[in-house]
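> I'll drop the sequence and a predicted model, then ask my questions.
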Amino acid sequence: VTIFDVITFHYDWLVRIWKVTTDKEEYMHLETVTITVEYGTHAQQLHDVQMTAMIQDELLVPIGMVTLDTTIGGAVYCEYKNYSSSVTITIPYWAYAGKATIRIHFLDMPGGVAVTPEATKEIWILPL
């Protein structure tokens, strides 16, 4: 008698970032950037995660950062459950003009270990 026992599983990052968008592409100093992140998870059990968004100006100087704590999970087996979150960061007066980079990370809580690769989006800071 031969018996086969098979179990299937899906191996993936806890969070998959689908898209990072902003309300526009160019910003003056002291304007507020609205950042929207679309992401998903295969997790069926609930997990507390923290999304971080940081903007670096043309010279890679961090000019603003915001965090958002959220709970993800509850997906149907082998299907993604999708989410969308928005945060805002104001461009400071002292930021360098030129190309700026938005960096998005997701960290597990507690612990702060990355649960997805970094996602980026470029915007432009206009000169004074």
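Looks like it came in fine.
> State the number of residues packed around Asp57.
By other CB atoms under 10 Å, 20 other residues sit near Asp57. Glycine gets a C-beta too; all of them are placed from N, C-alpha and C.
> next one: Leu30
Residues near Leu30, counting by other CB under 10 Å, number 10.
> center of the protein, which residue is that?
The residue lying closest to the centre of the chain (CA atoms, centre = their mean) is Ile104, at 3.8 Å.
> Identify the residues contacting it.
Contact analysis of Ile104 by CB atoms under 8 Å, 6 or more residues apart in numbering lists Ile17, Val20, Ile35, Val37, Met51, Thr52, Ala53, Glu118, Ala119, Thr120, Lys121.
> Could you report the neighbour count for Ala43?
In terms of burial, Ala43 registers 18 neighbours under the definition other CB under 10 Å.
> residues in contact with it?
Taking CB under 8 Å, 6+ apart as the contact definition, Ala43 lies against Leu14, Ile72, Gly73, Gly74, Ala75, Lys81.
> So the closest residue to the fourth one other than its chain neighbours versus Arg16, what's the distance?
Think Gly74. Across the structure, with CB to CB, 6 or more residues apart in numbering as the measure, the residue nearest Gly74 apart from its sequence neighbours is Lys81 (5.9 Å). From Lys81 over to Arg16 the distance is 11 Å, taken as CB to CB, to the nearest Å.
> hmm, back to that, do you know how far the residue nearest to Gly74 is from Asp69?
18 Å.
> Looking at these two, which one has more neighbours?
Neighbours of Lys81 and Asp69, each counted by other CB under 10 Å, are more numerous for Lys81; the result is 15 against 10.
> Let me know whether that one touches Gln45 as I believe.
No. With contact taken as CB atoms under 8 Å, Lys81 and Gln45 are classed as non-touching, separated by 11.7 Å.
> and for the two, which residues touch both?
For the pair Lys81 and Gln45, residues contacting each of them under the criterion CB under 8 Å, 6+ apart are Gly73.
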